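**Student:** I'll drop the sequence and a predicted model, then ask my questions.
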Amino acid sequence: MTRSGCGIGKGLLEAGLIALALLFLFPFYLTLVNGMKPYDEMARSLLAFPRAPELKNFAAVWEKLNYPRSFLNSLSVTAASVAGILLASAACAYQLVRRPGRISSAIFYSILASMIIPFQTVMVPLVVVAKELGLVDTLHGVILIYCGFSLPMAVFLYHGFIKAIPRELEEAAHIDGSGTFGTFFRIVFPLLKPVTASVAVINALGIWNDFMVPLLMIRSESLRTIPLASSIFYGVYKSDWNLAMAALTLGMLPVVVFFLFMQRFIVQGIVAGAVKT
């Protein structure tokens, strides 16, 4: 292929990627610009930039949602859930890899099989069981549910990554007198940084933005997360869509910042964990 042909192909590829990026950024544009409009202006045109951008909607949302409290609820649930998922899945995958056999294989494939079960098929019995255990209307009940449903994918990714870690490193640690827990946390777990970052990002994004589990589990207004609290702005008979857009903007800012900070680890960790499985 000639240089001119390569240049044309590269230009078309770049144009396609730019168009794809703009397509993905379009919902962010709609959310932000409509959050700065009065309701009547937004009703006339969703696409137009606001004639006089204002922050009154954000101030109203901050007050009506009690945003600091909702933010702390979301942050607590997300941080505790991600921490539990990382520790439990990494330890589980480590034991399954380092203790091979029929039982370990059966456990591993049972965990993978649970990934195909839709949440909607178990959500009603789940709430019934949670009510019997006194977990309804508690943040730790929400955290336990997130940990349980997020473990299979995390175990799958860790399982493939741990296979690539040489056993000699652990044997050397055992010779130096390190026990199983010490070897795992001092030697193995630090080597899992790429896949750990990927699992953390994937689950943090999903948990922060999730609406269904808090809707099923949370009753008290003081325990609402940001997505659940934002639902007050739209309903059957009235929808304050300009306030809803402002609430969505405030809700997505923390997770966008987190994603931008961690994005370089995502592909690296997923590829390293999944391909080696």
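**Tutor:** Received, thanks.
**Student:** dump stretch 128-141 to PDB, restricted to CA.
**Tutor:** What follows is stretch 128-141 as a C-alpha-only set of coordinates in PDB (Å, rounded to 0.1, in the frame of the first residue of the first chain):
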ATOM      1  CA  VAL A 128     -37.500 -11.400  51.500                       C
ATOM      2  CA  VAL A 129     -34.300 -13.000  52.900                       C
ATOM      3  CA  ALA A 130     -32.800  -9.600  53.600                       C
ATOM      4  CA  LYS A 131     -35.900  -8.600  55.500                       C
ATOM      5  CA  GLU A 132     -35.700 -11.800  57.600                       C
ATOM      6  CA  LEU A 133     -32.100 -11.100  58.400                       C
ATOM      7  CA  GLY A 134     -32.800  -7.500  59.400                       C
ATOM      8  CA  LEU A 135     -30.800  -6.000  56.500                       C
ATOM      9  CA  VAL A 136     -33.600  -4.000  54.800                       C
ATOM     10  CA  ASP A 137     -33.200  -0.200  55.200                       C
ATOM     11  CA  THR A 138     -29.500  -0.500  56.200                       C
ATOM     12  CA  LEU A 139     -26.400   0.500  54.200                       C
ATOM     13  CA  HIS A 140     -24.600  -2.700  55.200                       C
ATOM     14  CA  GLY A 141     -27.400  -4.700  53.700                       C
END
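**Student:** residues in contact with that stretch?
**Tutor:** The contact list for stretch 128-141, computed with Cβ atoms under 8 Å, 6 or more residues apart in numbering, reads Asn73, Ser76, Val77, Ala80, Val127, Leu144, Ile145, Met217, Ile218, Arg219, Ser220, Leu223. Every C-beta, even on glycine, is put in place using the N, C-alpha and C of the backbone.
**Student:** closest to Ala59 among those residues?
**Tutor:** Checking the contacts of stretch 128-141 against Ala59 by Cβ to Cβ gives Asn73 as the nearest, at 20.6 Å.
**Student:** quick one on the thing from earlier: what is the nearest of the contacts of stretch 128-141 to Ala19?
**Tutor:** Distance to Ala19 across those (Cβ to Cβ) is lowest for Val77, with 36.3 Å.
**Student:** what sits against that closest one?
**Tutor:** Each residue near Val77 by Cβ under 8 Å, 6+ apart is listed here: Leu139, Val142, Ile143, Tyr146, Ile207, Pro214, Thr225.
**Student:** hmm, 7 Å instead?
**Tutor:** Leu139, Val142, Ile143, Ile207, Thr225 (Cβ atoms under 7 Å, 6 or more residues apart in numbering).
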